[in-house]
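Participant: no sequence on this one, just coordinates:
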Ligand code: ATP
Ligand code: FE
């Protein structure tokens, strides 16, 4: 069986054909990051127009690369939530036309569930497992019990982690530094942090008194923004200038994010023990979402998990950020179970 997946939830137009063995038969992706860096963030009508401009080419290219016609796939899977409604609409409208043309079954996809299950395409992974999704819009800790059965254990109460990375990168004007034009704020911070001291600037612990498994990144972002302002004054860096100890600031920010994630995740694992939600030995945590492409965070969380007899599995970075492959794979998972089919006519997209 083969599924065509279409993704337009945010600022990436993605399409792919995947088979039931997890082989990627063809893929195409168009990123709008350059456009949005210019405006300092995503402006939804602009994102919509760019999706409209590229979707036909992207889907056609994915099929061409797979050496297939539309009739050769068994279903069309498309992200319908959560995301920017104007962006999601472009994918859904396009899929609707393809369904009308071909009569193929349609499978609506939840973008976060797709992020969560991508790991199962890479390696055999039995339910239940824990999943931590770190992305531009979410921080979710959930128990994956089945393809369509997730129990939410914790989430961000303010900024999403990717948002904190992007805002900190913007505050540091990283896009103005040569060589960083085309990458996300998160990638820019990770690269710069490699040369820095993660203990250069400390933060007061975040949520240390919260007896739940939620997350908060606004405090880390604000505390580091204060550090940046102080450093700019101390070093007399003028508007538009670049701080010489930028690397230390990036490394410290990343370290504080890791520290917070590790602390909250520890609580999550303890909670799972208490409620007997996971096997007590050889259990698995799946890490996914754009921020999960950060190697420093992956390494740190892997070490922490090992302590709790938990294996960390994270898809390769290109599968962590938005793409059509994960949508097609989620379609395959549902097709295999014979669940999730819907009529795209009259279907709505959802912001959350
Ligand atoms: P959501 O999945 O919540 O709807 P999204 O789809 O916009 O949000 P993703 O594509 O999953 O988000 O991730 C994008 C985010 O990942 C951006 O905020 C980006 O800065 C961040 N990111 C990408 N690479 C890295 C990295 N190496 N380190 C940290 N953050 C990163
Ligand atoms: Fe995403």
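Facilitator: Nice, thanks for sending it over. Everything numeric here is computed off the predicted structure, so don't read it as measured data. Ligands and ions are numbered 1, 2, ... in the order given.

Participant: drop to CA atoms for contacts and neighbour counts, all remaining ones
Facilitator: Fine.

Participant: and the stretch 1-150 of the chain, which residues reach ligand 1?
Facilitator: Counting by CA under 6 Å from any ligand atom, the stretch 1-150 of the chain comes close to ligand 1 at 10, 83, 135, 136, 137, 138.

Participant: return the members of those classed as buried.
Facilitator: Among these, those classed as buried by neighbour count (16 or more other CA atoms under 10 Å) are 10, 83, 135, 136, 137, 138.

Participant: what residue is smack in the middle of this structure?
Facilitator: residue 289 (2.3 Å; CA atoms, centre = their mean).

Participant: quick one: terminal-to-terminal distance for stretch 70-87?
Facilitator: Counting by CA to CA, to the nearest Å, you get 23 Å between the two ends of stretch 70-87.

Participant: flag every buried residue along that stretch.
Facilitator: Within stretch 70-87, the residues scored as buried using 16+ other CA under 10 Å are 70, 73-87.

Participant: chain center to it: distance?
Facilitator: Relative to its chain's centre, stretch 70-87 lies at 17 Å (CA atoms, centre = their mean, to the nearest Å).

Participant: what ranges in the protein fall below the confidence cut-off?
Facilitator: For the chain, the stretches with pLDDT under 70 are 178-182.

Participant: quick one, strands of it?
Facilitator: Under the criterion DSSP state E, the chain contains strands at 2-7, 12-19, 24-31, 75-81, 106-110, 129-134, 139-146, 149-155, 283-288, 310-313.

Participant: for the closest residue to ligand 1 within the stretch 251-352 of the chain, give me its contacts.
Facilitator: Closest to ligand 1 within the stretch 251-352 of the chain is residue 290: 3.1 Å, counting by CA to the nearest ligand atom. Residues counted as contacts of residue 290 (CA atoms under 8 Å, 6 or more residues apart in numbering) are 134, 135, 136, 162, 317, 320, 321, 322.

Participant: quick check: closest non-adjacent residue to it.
Facilitator: In space, and not counting its chain neighbours, residue 290 is closest to residue 321: 4.0 Å by CA to CA, 6 or more residues apart in numbering.

Participant: check the gap between residue 146 and ligand 1 for me.
Facilitator: Separation of residue 146 from ligand 1 (CA to the nearest ligand atom, to the nearest Å): 20 Å.

Participant: contacts for stretch 239-249 next, please.
Facilitator: Stretch 239-249 has contacts (CA under 8 Å, 6+ apart) with 172-173, 192-201, 224, 228, 231-232, 235, 237.

Participant: contacting residues around residue 6?
Facilitator: By CA under 8 Å, 6+ apart, the neighbours of residue 6 are 13-16, 59, 76-79, 91, 95, 324, 327-328.

Participant: buried members of the residues you listed into ChimeraX, please.
Facilitator: Here is the ChimeraX command that selects the buried residues among these (16+ other CA under 10 Å):
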select :13,14,15,16,59,76,77,78,79,91,95,324,327,328
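
Participant: what's the most distant pair in the contacts of residue 6?
Facilitator: Spatially, the most separated pair among those is 13 and 76, at 15.4 Å (CA to CA).

Participant: the biggest helix by length in the chain and ligand 1 in contact?
Facilitator: Scanning the chain for the longest helix, with DSSP state H as the assignment, gives helix 246-274. No: using CA under 6 Å from any ligand atom, helix 246-274 stays clear of ligand 1, with a minimum separation of 8.2 Å.

Participant: buried stuff in that helix?
Facilitator: Neighbour count says helix 246-274 has 246-269, 271-272 buried, by 16+ other CA under 10 Å.

Participant: does residue 1 touch residue 74 like I think?
Facilitator: Yes: using CA atoms under 8 Å, residue 1 is in contact with residue 74, at 6.1 Å.

Participant: please enumerate the helices of this structure.
Facilitator: Using DSSP H, the helices found in the chain span residues 33-39, 44-65, 85-102, 111-117, 119-122, 161-171, 185-193, 218-234, 246-274, 295-307, 317-320, 324-337.

Participant: right, so those helices: which one is the most enclosed?
Facilitator: Comparing these by mean neighbour count (mean count of other CA atoms under 10 Å), helix 324-337 comes out on top with a mean of 27.

Participant: which strands and helices sit next to that helix?
Facilitator: Secondary-structure packing of helix 324-337 (3 or more CA pairs under 8 Å, 6 or more residues apart in numbering; DSSP states H and E): strand 2-7, strand 12-19, strand 24-31, strand 75-81, strand 106-110, helix 111-117.

Participant: out of these, flag the one nearest residue 183.
Facilitator: Using CA to CA, the helices and strands packed on helix 324-337 put strand 24-31 closest to residue 183, at 10.3 Å.

Participant: contacts for the closest one, please.
Facilitator: By CA under 8 Å, 6+ apart, the list of residues contacting strand 24-31 reads 11-19, 54, 58-59, 61-67, 323-325.

Participant: get me the contact residues on the stretch 251-352 of the chain for ligand 1.
Facilitator: Counting by CA under 6 Å from any ligand atom, the stretch 251-352 of the chain sits next to ligand 1 at 289, 290, 291, 293, 294, 321, 322.

Participant: tabulate the residues you listed (CSV), appending distance to residue 219.
Facilitator: Below are these laid out as CSV (distance: CA to CA, whole Å):
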residue, distance to residue 219
289, 21
290, 21
291, 18
293, 22
294, 20
321, 24
322, 26
